[in-house]
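Enquirer: got a sequence here, can you model it:
(5 chains)
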Amino acid sequence: MSVYSYFPGCSLSSSATEYDKSFRLVAGAFDIGLDELEDWNCCGASPAPHHWGGDLGILLPARNLHIAGAGHDSMVAPCAGCFNRLKYAQHELSHNDELRRRTERALREPVRYQTEVLNLVQLLNREIDPGDLAGRTRGRLSGIALGTYYGCVLVRPPEIVLYDDPNDPVKMEPLLKAAGATIPHFPFKTECCGSYMGLARKEIVLKASRRIIEVALECGVDALVTVCPLCHQNLDLRQQQINDAFGTDYHLPVLYLTQALGLALGFSPEELGIDAHLSLGISHRTSSFDNTKKA
Amino acid sequence: MEELIPIIKKALEQVDVVLGWAQSPAAGVAVPAFFHTPAEADAAVFDSTCAHNLAVYLPRLADKKVGIVAKGCDARSIAQLIAEGAVKRSGVFVIGASCPGMIDVKKAWRCFGFGKQVCDAAGKVAMEGKTVAREEILLWKCRGCRDPEPVICDVTVGEASSEAPAPPAEPAGIRKRFAAMTVAERRQFWQDQFSRCIRCYACREACPLCVCRDVCTIQAHEPGWAGAAVDSPQSWMAQLIRVNHLAGRCTGCEECERACPVGIPLMLLLEEQNDVVEELFGYRAGGEAKPPFLTFDIKNDTWDEER
Amino acid sequence: MPGKDVKIVGFLCNWCAYAGADMAGMARMEQPAGMRIIRVPCSGRVDPLLVLKAFQEGADGVLVSGCHPGDCHYGSGNYLARRRLELLGRMLPALGIEPERFHYTWVSASEGARWAEIVNTFTEAIKDVDEGS
Amino acid sequence: MLGVFICQCGTNISATVDTGAVAAAAAGMRGVAHAESIQYTCSDPGQAAIGAAVREKRLDRIVIAACSPRMHEATFRRALERAGLNPYMMEMVNIREQCSWIHADTGEATMKAVDLVRKAVARIRAHVPLQGGKTAAVRRALVIGGGIAGIRAALDISAAGIPVTLVEKSPSIGGNMARLDKTFPTLDCSSCILTPLMVEIKQHDHIELMTNAEVDDVRGLVGDFQIDIRRRSTCVDEEKCTGCMICQEKCPAPAPDDFNAGLCQSKAISVAFPQAVPLVASLRKQYCRRFNGGKCRLCQKLCPAGAVDYGQEDEVVSRSFGAVVAATGYGHYDWTGSYPTFGKGLYPDVITSAQYERLLSASGPTGGLIRRPSDGAEPRQVAFVSCVGSRDESAGRPQCCSVGCMYTAKQAILTKEHIPDSQSYIFYIDMRAGGKNYEEFVRRAQTRYGAIFIRGRVGRIFPRRGKLVVMGTDTLAGDQVEIEADLVVLAAGLTAAPGAGELARKLNIACDETGFMAEEHPKLRPVEAAAAGVFLAGACQGPKDIPATVAQAGAAAAKVIGLLSRGELETSPMVSAVNPSRCAGCFKCRDVCPFGAIDKDRLADGLVTARVIESLCRGCGICNAACPPGAISLNGYTDKQLLAELVEVLR
Amino acid sequence: MRFIPEENITALLLRLSENATVWAPQVVRDTVNTVLFAPWREGAEIETGLYSALPVKGLVLPATERLFSFRYHRAGEREKIEIEVDELRERAAVFAARACDAKALVTLDALFLDGSGRSYNDQHYRARRGALTVITLACTSCDSACFCSSFEDGAAATAGSDLIFYPVSGGFLAEAVSATGRELAALDLFQESNLEKPPLAETAKVELARLGQRLLDKFDDIDFWRRTAEGCLSCGYCSYACPACHCFNIFDEMESDRAGGRYRCWDACMFYAYTLESSGHNPRPEAAHRYRNRLAHKFSYFPLNRGEFLCTGCGRCIRGCPAGRDVRDVIKALGAG
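Expert: Predicted coordinates:
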């Protein structure tokens, strides 16, 4: 069994506990060991570091990397934002000697920053054999069209995250296809969801996320799949706000990748925390997920 | 090796001359000999002092049909000369001799004195009561010999060795010292070594692959690659010319080093070059293929542009 | 010796690298003054002995540059050059010459900026060797 | 005695290099009898000063420190010749491109210039007079590519009485221009101006036309290229075929219609297009039933002329040519790989401008009616996206396609003319309309034809309720825009023609970093390729519009005529030569020579040595570097000369 | 006779070192058995058992020496050359030379230092020779390559030496041959002794009677010489190792744009280039021609012109030949006197 350091970050321990829950279930199903990083701190993506300026945006993830450096060879950060911050810090530390020295002054010892940082898609692709997955899911997702929504920070900036095509990412697809789902063409894979503007300029988020949902439905998508808690929040939590603002009547489920895979593996929506999703609460289309249990 | 003499005699029926060895009374070791008649062939010997690579004489005898007694390493030189077109395969009759490994007569002479008859038996080399272990005075190339049997031959003589070839020898002595040197130390090392070069060109003349001979550019006044002055920098440059011209062609027979009257370890250069050539091109001189600097296949030349 | 002038000999093929160096000039790209260019028709014309002779005569560095592989004006000269020069480069440590002092590279007629960059970094690399030794 | 001339090049050199000091230093060098600094050495007075010094001081070797020898070596060689010296007794020192222009410090630059002059003085002592030979030039030219460039070049060359072979890869000449509907800025019909020229080619006594043909192998050099041309088997006897198209009608096997940019299907046996020259059918085996295991023989059976021959094989024709014109045109950038946000080619109504051109054309698949591919509906809103695969660093394509702005404007105009109630939207970065009457044309598209120009890039194209949403920025308004269009036309960039790189390699000429064939000098030798005797015409050298293409084709033709009209060529004396008394007869030279220019020679005393076949030698000097005893030398780059330079420069 | 105890040798060498470089045979580091005359420093081990690869002639006729430097000067329209002769410099003493080497110095003296003034008197040779002290160690043993006994005095030759050491128990008997030798022997490091000189080595003898004529008789039999030289690789070792060979070449080397030097360096008649004419013609194109010349010069022309062989029987050409050639075999093959 391969064991990875696990960096949950704030979302997975608060607003996206269902992401954490489903991830642990899927990981367990494939014998992937997760060892939560001890005494982890903010990944550096919160507004605080940007607000205070200085090196905080690097120092925070650097400390996490430093802790991870004493543990397993690789660390997984399921939240796309955390992943991005950790990769960013890694990149900066290896290219900027002056910054590294400042970091080491703060840490009071030579920084260990070389731990391999993986995002969730990367980890699952590495650990899960599609053939094995297909065998275990027995087509539970067959007939369901999933729109893969990657968001922005998982694949950008490409020279830092070094993962997938920044304009046309495809790495979620082999897993979902193996699980039996169909993946229709969805041109808004990386279109902006409005991101953290939700607090300051909500109307921007609503407009942006609405278009994503609109195009997804145009493309025949039954549900969107994502790995970013912030995207999830904008697309799911705010779906009712969108409907209110634009007079639409969207009921598009938005799932975490681990939830989609969990369903395919036969876990119940409750076990996977899908019941916590607001879009499902307003959805008339939950029937499609009821089908999965029967399969 | 009593069977050698009749084989040479038989060969003489179809060739003009057979190159082999005869005992030198003065030196007490075998020296190259040219057998033109069956009577002369009675003097032929083959023992562990037959270090000379007789292939060196082949290009000079290109107009004759020549028989040659060849050890495994000598045969590589012959094969290389054929691959390069310097010698015609049909013009040579190769008598392949199973080689037990040759002793470094200079070392023997150091132990026993020049001219003392050396007796070689059962892993020991003896003379007038003194003995030394054979391995101690073996030529470097013979330790971990890669070709105990000739790659090219028309008839063989002697029992093929049943022993597996020894593993490549661990660098010892000067090789070990050289390997451990820094680049700057090597620069000084070669300067010291070549301060005693006298430009006698025995290295060149003893080398079977130095086929330019009389027209060698080292001795040409123009264009002046190396000055004529016998001093370390010029002698070093002169040797670099030779080494460069042997790139991908040297079969590692060690004759240049053996011939050097002032004991310059020339093989340090050639061994290094041969290793690099083998690593880069998978090529070892002494087979059927042309050297990698004379031929290439663009399609398979797929190196990275910038390493 | 800090501040010492680094003298570099460059063997440049007429068709690509030399034209690339001209291009750098046309674009007024400032370069270290230690480079001395010797024009040759093809990198295949560069006998490794020219490189060794340059070191013998006191060059601090030697640079050989020709057309990119596949672009040789004569078809295959640079492939042959590459074989010879690669061997040469690997032999240098045994000859007592720091391998950093020798470099071969390909520059096309349009790569003026690349040429200037190569001269700069090569000069710096040699300075580093000089200071380190 | 030696003369040294230091050029000031106005202030190009003298601003950084103290030319007076260099001349003074040169005067002190061994054997230098004359040294002076001249304002413009290449000018008339400059060359006269060289001549005067040669006469007065009886100079026999000249060193000129000036610009790059690539610039003026030939100029100064001629100057020496006029002064009565052998032109090769001259050495140039590059103190401009490689000295004054790249150094700021005068002291440093001057010192370097002195060094370089000293190096040249040392080198020129090793110079010997060289004499070039003369060879007869073959009075026949090869034109590769039968687009407008190749057609124009072939007609112009043959007009001078020089026979031409025109080789075209596809079944008909005409090239890209034949696919265009109308041309900017005059809006005259492309076919109407091109077709007569195509016919003229076919009928011309001095032009041999080979279609379905490609250059296989090129040997030799200027004046006498031996070129193998492969004529692909088309299973149709060109002599017999009348172009009646019965075979095409009856052929049951569909095949893509290349001429119509894949918008419709053609047949396995077909005539390229109705105006094709030659008007003959050709069979594409990969689509033919007979060649894929079937029993069909329909075309053979039905052909009234008995022209179909299934056993026809490729034919390799060898010809000698004195000169070659490359006119291979351009290819279309495949945008689907680098623009996934435009739908990766999944939306049928996102098409390229080349396809749109066929929709506009009366000879196109829709008979000149604009119908969108998905459902055949007539579009009302048409969005044009400029610079797809042009001026886009993120797609690795920084270059401008140079025609996109103009043809997009043209297509907007034609759209309005075809569908009066349509509305065109043009996303652009900048409107580039530099040619004669171009700006007025663009302005007309805006004013008279009402096209809406939106300055900004397009980010995404996605479907919405049967339409395509083109989402982009309007950088002038500073806002996001969404245009709902029925049809989206992408102005895809131009690339080098497929196979151009391979052809360039065969011709021994260079391509630039964008893949187009490289000219020798952008201003002074814009139609000459790197190999002597090879000229470039049209878009093979870089994207250009029809007027520029025709102009360049004419220029290339003039070069060919100039080259071949004299009947003989001067050969370079800078070839290898063997000193037989130093040759060891090892023939390493022969092993490495790329041109087979080394032969065996048996001397009177029986020694076998190498000999150079001068007519095959191209002067690369690879043999020189491979010759261990130094018996073979490249004239002008001998070991002696290079060593003299090398040793001197390190003193 | 004078006697020097073994323990005083170091003191003697140190005394000599005060105003001269002392050259003594030493084994070269990292080599198996290469012995060369090299500058001696206190503590260095002197090798007297093995034979040196090169003779002491290099001390009077160096492998390369600069004869003079020159410089071009501009004089109006023309270039003029100015010459400056290099001057020597320092004294040298050689310790433990062999009698055969020392004897050859006399042969060289006759060539380069013609006292009569009729012939050649080389200033560079004169300077080096005048500054050289030769201390010879007489051979009491030999190896099978030695054949000095073929010539008049054999191992007992004294010519060319200043002082000869004879090994005896506890030290060396010292026989002064020249004034310099007598001065040295008078030093307090020496003492009087009445020990007997030890018996000297008897080396191989070859038949030298009528050798010159025998050679000339065979001269035109090129096949004989081809057979004789067929193993010869045509390298230059035998010439360079020979104490009596003295051929040289002269060339100029530029050291800057305007200045250079003229050099003299060893040359060997076994090289093809030795007789290569500028036309490209070579009168001695084969190794056989060259081998014949080398032997004929040593044993025929030179004795005819100078009354002595150009060989002292040191045996280096036999001991060090990379092809194992033995000059005595050739002499034998020429037939009996």
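Enquirer: now do the closest residue to chain E within the stretch 101-250 of chain B against residue D:95, distance only.
Expert: Chain E sits closest to residue B:115 of the stretch 101-250 of chain B, with a gap of 3.1 Å, by Cβ to the nearest Cβ. Glycine gets a C-beta too; all of them are placed from N, C-alpha and C. Separation of residue B:115 from residue D:95 (Cβ to Cβ, to the nearest Å): 67 Å.
Enquirer: more neighbours: which of the two?
Expert: Ranked by neighbour count (other Cβ atoms under 10 Å in any protein chain shown), residue B:115 and residue D:95 place residue D:95 first, with 30 against 22.
Enquirer: can you count the residues close to the closest residue to residue C:5 other than its chain neighbours?
Expert: Closest residue to residue C:5 apart from its sequence neighbours, by Cβ to Cβ, 6 or more residues apart in numbering or on different chains: residue C:34 at 5.6 Å. If you count neighbours by other Cβ under 10 Å, residue C:34 ends up with 21.
Enquirer: ok, back up a step: how about the secondary structure of the residue of the stretch 101-250 of chain B closest to chain E?
Expert: The assignment at residue B:115 comes out as coil when based on DSSP: H, G, I helix; E, B strand; the rest coil.
Enquirer: tell me if I'm right that it and residue B:27 touch.
Expert: Yes: counting by Cβ atoms under 8 Å, residue B:115 touches residue B:27, with 5.9 Å between them.
Enquirer: give me the common contacts of those two.
Expert: Shared contacts of residue B:115 and residue B:27 (Cβ atoms under 8 Å, 6 or more residues apart in numbering or on different chains): E:144-145.
Enquirer: check contacts around the residue of the stretch 101-250 of chain B closest to chain E.
Expert: Contact partners of residue B:115, counting by Cβ under 8 Å, 6+ apart, are B:26-28, B:109, E:143-145.
Enquirer: which residues touch residue A:90?
Expert: Residue A:90 makes contacts with A:61, A:65, A:113-114, A:117, as judged by Cβ under 8 Å, 6+ apart.
Enquirer: please give the element, helix or strand, for it.
Expert: Counting by DSSP states H and E, the element that carries residue A:90 is helix A:80-95.
Enquirer: tell me which residues of that helix are tucked away?
Expert: For helix A:80-95, burial by neighbour count (16 or more other Cβ atoms under 10 Å in any protein chain shown) applies to A:80-93.
Enquirer: for chain C, which helix is longest?
Expert: helix C:112-132 (DSSP state H).
Enquirer: so which bits of that one are buried?
Expert: Going by neighbour count (16+ other Cβ under 10 Å), the buried part of helix C:112-132 is C:112, C:114-116, C:118-119, C:122-123, C:125-127, C:129-130.
Enquirer: just give the number of residues close to residue B:85.
Expert: Residues lying near residue B:85 (other Cβ under 10 Å) number 15.
Enquirer: ramachandran coordinates for residue D:29?
Expert: With angles defined as degrees, to the nearest 10, residue D:29 sits at phi -80, psi 150.
Enquirer: what pLDDT is listed against it?
Expert: We note a pLDDT of 93 for residue D:29 in this prediction.
Enquirer: wait, what's in contact with it?
Expert: D:2, D:4, D:117-118, D:121, E:257.
Enquirer: if we can go back for a sec, and the buried residues of helix A:80-95, which is closest to chain B?
Expert: Relative to chain B, the closest of those is residue A:91; by Cβ to the nearest Cβ it sits at 22.8 Å.
Enquirer: does the nearest residue in space to the closest one that is not next to it in sequence count as helix, strand or coil?
Expert: Once flanking residues are discounted, residue A:91 sits nearest to residue A:160: 4.7 Å by Cβ to Cβ, 6+ apart. Judged by three-state DSSP, the three-state class of residue A:160 is helix.
Enquirer: just checking, residue B:68 is part of a helix?
Expert: No: read with three-state DSSP, residue B:68 is strand and lies in no helix.
Enquirer: across the sheet, point out what pairs with it.
Expert: Legend: beta-bridge partners of residue B:68 under DSSP bridges are residue B:19, residue B:94.
Enquirer: ditto for residue E:263
Expert: Here residue E:263, judged by DSSP bridges, has bridge partners residue E:66, residue E:251.
Enquirer: quick one, what contacts it?
Expert: Applying Cβ under 8 Å, 6+ apart, we find residue E:263 in contact with B:228-229, E:64-67, E:250-253.
Enquirer: can you tell me which of those are classed as buried?
Expert: Buried, going by 16+ other Cβ under 10 Å: B:228-229, E:64-67, out of those.
Enquirer: and which of those residues is nearest to residue A:244?
Expert: If you rank the buried ones among the contacts of residue E:263 by distance to residue A:244 using Cβ to Cβ, residue B:229 comes first, at 97.3 Å.
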